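> Got a predicted model here, sequence first, then my questions.
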Number of protein chains: 2
Amino acid sequence: MATAEWIAVDWGTSNLRAWVFGPGNALIAQKSSDKGMGTLAPTGFEPALLELVAPYLGGGPVPVPVICCGMVGARQGWQEAVYVTVPCAPPGVAQATKVIANDPRIAPLILPGMKQTAPTDVMRGEETQIAGFIAENPGFDGIVCLPGTHTKWAQISAGEVKSFATFMTGELFALLSGQSVLRHSVQSDDWDAAAFADAVSDTLDQPQTLSARLFGLRAETLVNDMSAAMARSRLSGILIGLELAGARPYWLGQRIALLGDPKLCSLYQTALDQQGAKAELVAGDAMTLAGLNAAYVGWKETTR
Amino acid sequence: MATAEWIAVDWGTSNLRAWVFGPGNALIAQKSSDKGMGTLAPTGFEPALLELVAPYLGGGPVPVPVICCGMVGARQGWQEAVYVTVPCAPPGVAQATKVIANDPRIAPLILPGMKQTAPTDVMRGEETQIAGFIAENPGFDGIVCLPGTHTKWAQISAGEVKSFATFMTGELFALLSGQSVLRHSVQSDDWDAAAFADAVSDTLDQPQTLSARLFGLRAETLVNDMSAAMARSRLSGILIGLELAGARPYWLGQRIALLGDPKLCSLYQTALDQQGAKAELVAGDAMTLAGLNAAYVGWKETTR
């Protein structure tokens, strides 16, 4: 079996994903488990990692660098990787926290997240996707948006994150569609593009009506038998419209890249397009790996 | 044991409450159980009611009127009581649905809720509190606000509900404080009045920033060790501020009565007061009973 030269790890709250690279930076293996940060005590991280990558560790005298990003570096993670503060470039190995592993075959490094002082904000994981995006688009000057549970908007210029803002849009959608009174109204796999579009523009125009619009979905179901597809599409449009209203200073008149799940990104793209803002789509997973790889390139330079 | 002349029932999704009245409209007993509409199949309602009130039913030839309000009249309730449509007076016995009980000693009547066509909205239960408020304040011309899981704002004039609007504020607070990432930040029994006040005015001024402000609570905890009391008070202020921004056409320059839980109502009173709007507090429970009593008075008149 081939031996790892380095290992890339994306360690979030719910999942652990590892990519094992061999000679010539060839991908040897891609592994994952549900041993996310949220399920582990500090002593649980090393075993959870070894469970996935041990077969690829050689017996050489030099430990294999394991470059990690994400919630693994939170205060309640493996070891805290203290946030760097914007404006600055996304953190690389120079800012990483070294973990002294019990197993001498690995040398884990945890990339820190980024924080902002005013308004106060934090990210952990997305900074590595942004680092990957910058590595692949060195001259980029504009906005990177990473839609998700906690959507991030980041202003990028001269290779630095100048400022960023987080919106709880994805978590609100999950709570409202899964746990609120609206769960009775929005269970559908179908989509109503017109309902989404109308809800985006209505909420952009009148964001203060949010919580009345939300209950309106329930009322429309009860009174007018609104379809679940329409209700779900409207719910999504209401929440993305609210976000676009709040994030307007980020996207208005800017060059925009959307990083993440293609389906979710294309909803944002559609909503922005309605407002006359063009955004390009970039696969988020590839950017995570590109960011971890950029950190590995930095590591090789410092240890040469 | 005294015999019931009539029985008042407030039957919500989670609870069943009954008040038994005897001769001279004297309160004989007050009973409650957790057999709310949400826990019962259609055949379960009559037994759940009898469990509480059977001891007070006489053997006379005339069945005892049982006047019910709330979710018991929903489509999935005991028997559907179809909404009346505003503008109109809150429904009384003339609009109630008669249930043919298996037990000949009771004659249940279910008061319907109210609906609005544009914008589409519904209420079930609150209409009876409003009926009670109107019965006790016959000349009232202004706004009644009923804070709660789904807060209602109703415009009252000439004894009628002219229009109303529902805001999911209470449910959003429960979801965000109990189930979202913010649950780690807001667990406190203490209160920070200044944080609440600031959050109300900030969100009233910039409602579009809602979902960024929400994540900001988490970020402030992580970066600045914000206290849980401050985070909880801000969360409440953000959501009530958003509601007041959306409900502005209801309260601006109006006479306002707040009906409901005194603690929650006083938060709304404080927030409105900041905006120069004075509101009086009215106990919500008493209004439910007053509304059911008004319906009973109507019943006596029609059967005399």
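Arrived safely.
> what residues are up against A:Pro147?
A:169-170, A:258, A:260-261, A:264-265, A:267-268 (C-beta atoms under 8 Å, 6 or more residues apart in numbering or on different chains). Every residue, glycine included, has its C-beta placed from N, CA and C.
> Leaving out sequence neighbours, find the closest residue to A:Gly58.
Spatial nearest neighbour of A:Gly58, chain neighbours left out: A:Thr3 (3.7 Å); criterion: C-beta to C-beta, 6 or more residues apart in numbering or on different chains.
> give me phi/psi at that neighbour?
Backbone torsions of A:Thr3, given as degrees, to the nearest 10, read phi -100, psi 140.
> how deep is it tucked in, by neighbour count?
A:Thr3 has 15 neighbouring residues, counting by other C-beta atoms under 10 Å in any protein chain shown.
> Touching, it and A:Gly22? I think so.
Yes. In this structure A:Thr3 lies within contact range of A:Gly22 using C-beta atoms under 8 Å: 6.5 Å.
> Now do the shared contacts for these two.
Common neighbours of A:Thr3 and A:Gly22 (C-beta under 8 Å, 6+ apart) are A:Tyr56.
> What ranges does chain A have for its helices?
With helices called from DSSP state H, chain A shows them at A:45-53, A:126-136, A:169-179, A:193-205, A:210-224, A:228-246, A:248-251, A:262-274, A:284-303.
> what's the distance between the residue nearest the centre of chain A and chain B?
Closest to where the C-alpha atoms of chain A average out (C-alpha atoms, centre = their mean) is A:Glu126, at 4.5 Å. Here A:Glu126 is placed at a distance of 13 Å from chain B (C-beta to the nearest C-beta, to the nearest Å).
> can you pull the contacts of that residue?
A:146, A:152, A:154.
> list the contacts for A:Gln187?
So A:Gln187 contacts A:228, A:232 (C-beta under 8 Å, 6+ apart).
> how far away is it from chain B?
A:Gln187 is 16 Å from chain B, by C-beta to the nearest C-beta.
> which one in chain A is furthest away from the centre?
A:Val223 (38.8 Å).
> ok, which residues in the stretch 201-304 of chain A are in contact with chain B?
Applying C-beta under 8 Å from any C-beta of the partner chain, we find that the stretch 201-304 of chain A lies next to chain B at A:207-212, A:214-216, A:218-220, A:222-224, A:239, A:242-243, A:245-248.
> Select, out of the helices of chain A, the one closest to B:Val86.
Among the helices of chain A, the nearest to B:Val86 by C-beta to C-beta is helix A:210-224 (12.1 Å).
> Just the pLDDT for A:Arg304.
pLDDT for A:Arg304: 68.
> coming back round to it: name only those of the residues of the stretch 201-304 of chain A next to chain B that count as buried.
A:207-212, A:214-216, A:218-220, A:222-223, A:239, A:242-243, A:245-247 (16 or more other C-beta atoms under 10 Å in any protein chain shown).
> ok, stretch A:73-91 near chain B or not?
Yes. Contact check for stretch A:73-91 against chain B, using C-beta under 8 Å from any C-beta: residues in range are A:75, A:83.
> what about that stretch, how long is it end to end?
One end of stretch A:73-91 sits 13 Å from the other (C-alpha to C-alpha, to the nearest Å).
> before we move on, back to that, mind putting the contacts of A:Pro147 into CSV with neighbour count and pLDDT?
Shown next, in CSV, are those (neighbours: other C-beta atoms under 10 Å in any protein chain shown; pLDDT from 0 to 100):
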residue, neighbour count, pLDDT
A:Thr169, 28, 97
A:Gly170, 20, 97
A:Leu258, 23, 98
A:Gly260, 23, 95
A:Asp261, 16, 94
A:Leu264, 20, 96
A:Cys265, 23, 97
A:Leu267, 20, 98
A:Tyr268, 24, 98
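> So which of those is the closest to chain B?
Comparing the contacts of A:Pro147 against chain B with C-beta to the nearest C-beta places A:Thr169 closest, at 5.5 Å.
> For that closest one, list the residues it contacts.
A:147, A:151, A:239-240, A:242-243, B:211.
> Which pLDDT value goes with the residue nearest to the centre of chain A?
pLDDT, A:Glu126: 97.
> Could you check how far it is from B:Gln208?
22 Å (C-beta to C-beta, to the nearest Å).
> Where does pLDDT dip in the stretch 201-304 of chain A?
Applying pLDDT under 70 to the stretch 201-304 of chain A picks out residues A:304.
> Go again with 90.
Applying pLDDT under 90 to the stretch 201-304 of chain A flags residues A:283-285, A:302-304.
> can you list the domains in chain A?
In terms of domains, chain A is parsed into A:1-115, A:125-291 (source: automatic domain parsing).
> what about the longest one, how long is it end to end?
Taking C-alpha to C-alpha, the first and last residues of domain A:125-291 lie 10 Å apart.
> on that earlier part again, now for the helices of chain A, which one comes closest to B:Val186?
Among the helices of chain A, the nearest to B:Val186 by C-beta to C-beta is helix A:169-179 (14.4 Å).
> now that closest one against helix B:169-179, angle please.
For helix A:169-179 against helix B:169-179, the angle by axes from the mean of the first three to the mean of the last three C-alpha atoms, to 10 degrees is 100 degrees.
> on that earlier part again, so for B:Thr97, which of the helices of chain A sits nearest?
helix A:210-224 (16.4 Å).
> and of the contacts of A:Thr169, the nearest to A:Thr288?
A:Pro147 (14.6 Å).
> Tell me how far the closest one lies from chain B.
12 Å.
> got the contact list for the closest residue to A:Thr209 other than its chain neighbours?
In this structure, A:Thr209 finds its nearest non-sequential neighbour in B:Gly246, 4.7 Å apart by C-beta to C-beta, 6+ apart. Taking C-beta under 8 Å, 6+ apart, we find B:Gly246 in contact with A:208-212, B:165, B:167, B:207.
> nearest to A:Gly77, of those?
A:Leu210 (33.7 Å).
> quick one on the thing from earlier: format the helices of chain A as CSV; extra columns: distance to B:Ala279.
Listed next are these as CSV, based on distance: least, C-beta to C-beta, whole Å:
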stretch, distance to B:Ala279
helix A:45-53, 53
helix A:126-136, 43
helix A:169-179, 29
helix A:193-205, 28
helix A:210-224, 19
helix A:228-246, 27
helix A:248-251, 33
helix A:262-274, 37
helix A:284-303, 48
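> Can you dump the C-alpha atoms of stretch A:5-21 in PDB for me?
Provided in PDB are the C-alpha atoms of stretch A:5-21 (Å, rounded to 0.1, in the frame of the first residue of the first chain):
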ATOM      1  CA  GLU A   5       3.400  12.300   2.100                       C
ATOM      2  CA  TRP A   6       0.800  14.500   3.700                       C
ATOM      3  CA  ILE A   7      -2.800  14.400   4.700                       C
ATOM      4  CA  ALA A   8      -5.500  17.000   4.200                       C
ATOM      5  CA  VAL A   9      -8.300  17.100   6.800                       C
ATOM      6  CA  ASP A  10     -11.600  19.000   6.900                       C
ATOM      7  CA  TRP A  11     -13.000  18.500  10.400                       C
ATOM      8  CA  GLY A  12     -16.400  20.100  11.000                       C
ATOM      9  CA  THR A  13     -18.900  19.800  13.800                       C
ATOM     10  CA  SER A  14     -20.600  16.700  12.300                       C
ATOM     11  CA  ASN A  15     -18.100  15.200  10.000                       C
ATOM     12  CA  LEU A  16     -14.500  14.300   9.500                       C
ATOM     13  CA  ARG A  17     -13.100  14.100   6.000                       C
ATOM     14  CA  ALA A  18      -9.500  13.100   5.100                       C
ATOM     15  CA  TRP A  19      -7.600  13.100   1.800                       C
ATOM     16  CA  VAL A  20      -4.300  11.100   1.800                       C
ATOM     17  CA  PHE A  21      -1.700  12.200  -0.700                       C
END
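> Report whether that stretch contacts chain B.
No. Legend: contact between stretch A:5-21 and chain B by C-beta under 8 Å from any C-beta is lacking; minimum distance shown is 9.2 Å.
> Quick one: mean pLDDT for that stretch?
96.
> Okay, buried residues for it please.
A:5-13, A:15-21.
> and the residues you listed, which two are the farthest apart?
Among the buried residues of stretch A:5-21, A:Glu5 and A:Thr13 lie farthest apart (C-beta to C-beta), at 28.5 Å.
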